[in-house]
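quick one, structure for this:
(2 chains)
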Amino acid sequence: NAGVMQNPRHLVRRRGQEARLRCSPMKGHSHVYWYRQLPEEGLKFMVYLQKENIIDESGMPKERFSAEFPKEGPSILRIQQVVRGDSAAYFCASSPPGQAGSYTFGSGTRLTVV
Amino acid sequence: AQRVTQPEKLLSVFKGAPVELKCNYSYSGSPELFWYVQYSRQRLQLLLRHISRESIKGFTADLNKGETSFHLKKPFAQEEDSAMYYCALAGSNYKLTFGKGTLLTVNP
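Predicted coordinates:
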């Protein structure tokens, strides 16, 4: 089991472009979470998804950000029209059902907006 | 609202000394508390959870509801314990709220 796989590891985008971050959860895990880490800050919750459902998106900015976890394939965090302030490390985690808080984390995607 | 506070950004101890990483929380319900650790160039990983009442790598943490604390302790620190430690709280909705982390350095 390869664990939680995130790609790409590093992503550079110019202002105004779109960024797509992918996350494949661990086998058997049906819950996916996205977190953002800014410099000197802890991990900030963005969104919690299960297959084909967004359960909690209270941490997502209202505009430009969206997330999905389709029936087939990885979860995608999409940022449209990126700005410099979107530069951060984005982490994905997954957990099996019924185990609140016991996350397995991916290595993260470091997004740099130039 | 869920909130986790780790008052120490940095903590430095000598090998063999006791270590305590502080964590305080705010939550109106019955929380589940966790400690996560990130070693250099590795992924963030679960260290322990309070409901398991276990000791991992010599670390223990006791939930004190009166003081709303979940401090992480180890009686004799080792150099390999040097890492970033995050305290986290899970409410009723599976969402984890993290503190800002404490960087522990164990000096030889």
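
only C-alpha atoms from now on, for both contacts and neighbour counts.
Will do.

where does residue B:52 land on pLDDT?
For residue B:52, the model assigns a pLDDT of 80.

apart from its neighbours in sequence, what residue is nearest residue A:14?
residue A:114 (4.9 Å; CA to CA, 6 or more residues apart in numbering or on different chains).

just checking, the one you found touches residue A:11?
No: using CA atoms under 8 Å, residue A:114 makes no contact with residue A:11, being 10.6 Å away.

measure residue A:77 to residue B:91 for me?
Distance of residue A:77 to residue B:91, given as CA to CA, to the nearest Å: 24 Å.

how about residue A:56?
13 Å.

for the nearest residue to residue A:9 once chain neighbours are set aside, name its beta-bridge partners.
Leaving aside its sequence neighbours, residue A:9 sits nearest to residue A:109 (CA to CA, 6+ apart; 4.5 Å). With DSSP bridges as the criterion, residue A:109 is bridged to residue A:90.

count the neighbours of residue A:109 for me.
Residues near residue A:109, counting by other CA atoms under 10 Å in any protein chain shown, number 21.

same check, this time on residue B:96
Residues lying near residue B:96 (other CA under 10 Å) number 25.

which residues of chain A score low on pLDDT?
A:1 (pLDDT under 70).

what segments of it are strands?
Assigned by DSSP state E, the strands in chain A fall at A:5-7, A:10-13, A:19-24, A:31-37, A:43-50, A:53-56, A:65-68, A:75-79, A:88-95, A:104-105, A:109-113.
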